[in-house]
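Asks: Any chance you could fold what I've pasted below:
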Amino acid sequence: MAVYQTMQKLLAAESCRDVRRLNSQELEQLYIEQDADAGMSFQEFARHQSRKVNQGIFKERFYFIRFIKDPEEIDLWYGDRCYHPLGRASITGWILDDQDAIFTPCRYLLSNAESADGSALPNLKEIVSFRGRFGEQAKAGEKICADGTLECVRDRRGKTWHRLLLGNSPHDRMVMQQR
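Replies: Okay, the predicted model is just below:
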């Protein structure tokens with residue numbers, strides 16, 4: 001978290017010329033390079049990228065940082081949960097918690113999730129991705145639209161819930177819904 005906070009300060013400081021956000025030309029270049037993977041319009045892409053700390057320019061070179069948790073911060077171990085894919089899903093929902101949005105894997109807790117047809121999805125509790133492009137994609141309190149793989153999650157105690165996994169398909173996306 002210290003590196004993330006330092007990057008935030010550097011990007012906000014006008015006196016720091018070595019670290020900066022991407023300009024419009026660099027954003028267009030990145031968008032073209034990631035177009036098949038982006039799943040969104042250039043305007044949506046630029047809006048999301050403008051808030052990210054994990055991507056930018058350092059001494060005129062593109063950087064991408066993957067933030068990972070220290071081992072003592074991890075409370076989930078291999079075999080603690082089983083995941084069963086249920087198929088593709090398009091959803092809307094509100095980001096309840098984004099505290100793990102900077103990490104790989106990134107995780108967003110959801111509330112009031114609905115399918116694209118408006119049906120409530122009360123058991124859909126989270127969005128998860130192992131792909132860096134979904135990190136810092138949304139903030140707590142924002143309404144999002146997302147397309148990905150719906151999975152049933154079962155923990156060792158038998159508790160089950162659903163999550164939306166992003167990054168298995170070039171058609172996966174998560175964008176802020178316009179207000």
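
Asks: Distance of the residue nearest to residue 124 when sequence neighbours are not counted relative to residue 80?
Replies: Distance criterion Cβ to Cβ, 6 or more residues apart in numbering; nearest residue to residue 124, sequence neighbours excluded, is residue 113 at 4.0 Å. (C-beta placed from N, C-alpha, C; glycine too.) With distances taken as Cβ to Cβ, to the nearest Å, residue 113 is found 23 Å from residue 80.

Asks: Among those two, which residue is more densely surrounded?
Replies: Applying other Cβ atoms under 10 Å to residue 113 and residue 80 shows that residue 113 carries more neighbours, namely 24 against 10.

Asks: so the more buried one touches residue 95, yeah?
Replies: No: Residue 113 is not in contact with residue 95 according to Cβ atoms under 8 Å; the separation is 10.5 Å.

Asks: circling back: so the residue nearest to residue 124 is in which element?
Replies: Using DSSP states H and E, residue 113 sits within strand 106-115.

Asks: contact partners of that strand?
Replies: 89-98, 100-101, 120-122, 124-129, 134-138, 144 (Cβ atoms under 8 Å, 6 or more residues apart in numbering).

Asks: Tell me the first helix or strand C-terminal of that strand.
Replies: strand 124-129.

Asks: Pull the distance from that next one to the chain's centre.
Replies: Strand 124-129 sits 10 Å away from the centroid of its parent chain (Cα atoms, centre = their mean, to the nearest Å).

Asks: which residues does residue 144 contact?
Replies: Counted by Cβ under 8 Å, 6+ apart, residue 144 has contacts 92-95, 108, 127, 137-138, 174-177.

Asks: For the strand holding residue 113, output the C-alpha coordinates as PDB.
Replies: Provided in PDB are the C-alpha atoms of strand 106-115 (Å, rounded to 0.1, in the frame of the first residue of the first chain):
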ATOM      1  CA  CYS A 106      -8.200  -7.700  -7.900                       C
ATOM      2  CA  ARG A 107     -11.500  -8.000  -6.100                       C
ATOM      3  CA  TYR A 108     -14.600  -5.800  -5.800                       C
ATOM      4  CA  LEU A 109     -17.500  -6.600  -3.400                       C
ATOM      5  CA  LEU A 110     -20.900  -6.000  -5.000                       C
ATOM      6  CA  SER A 111     -24.400  -5.000  -3.800                       C
ATOM      7  CA  ASN A 112     -27.700  -4.900  -5.700                       C
ATOM      8  CA  ALA A 113     -26.400  -7.000  -8.600                       C
ATOM      9  CA  GLU A 114     -28.800  -7.600 -11.400                       C
ATOM     10  CA  SER A 115     -28.600  -9.600 -14.700                       C
END
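
Asks: which parts of that strand are buried?
Replies: Within strand 106-115, the residues that qualify as buried are 106-110, 113, counting by 16 or more other Cβ atoms under 10 Å.
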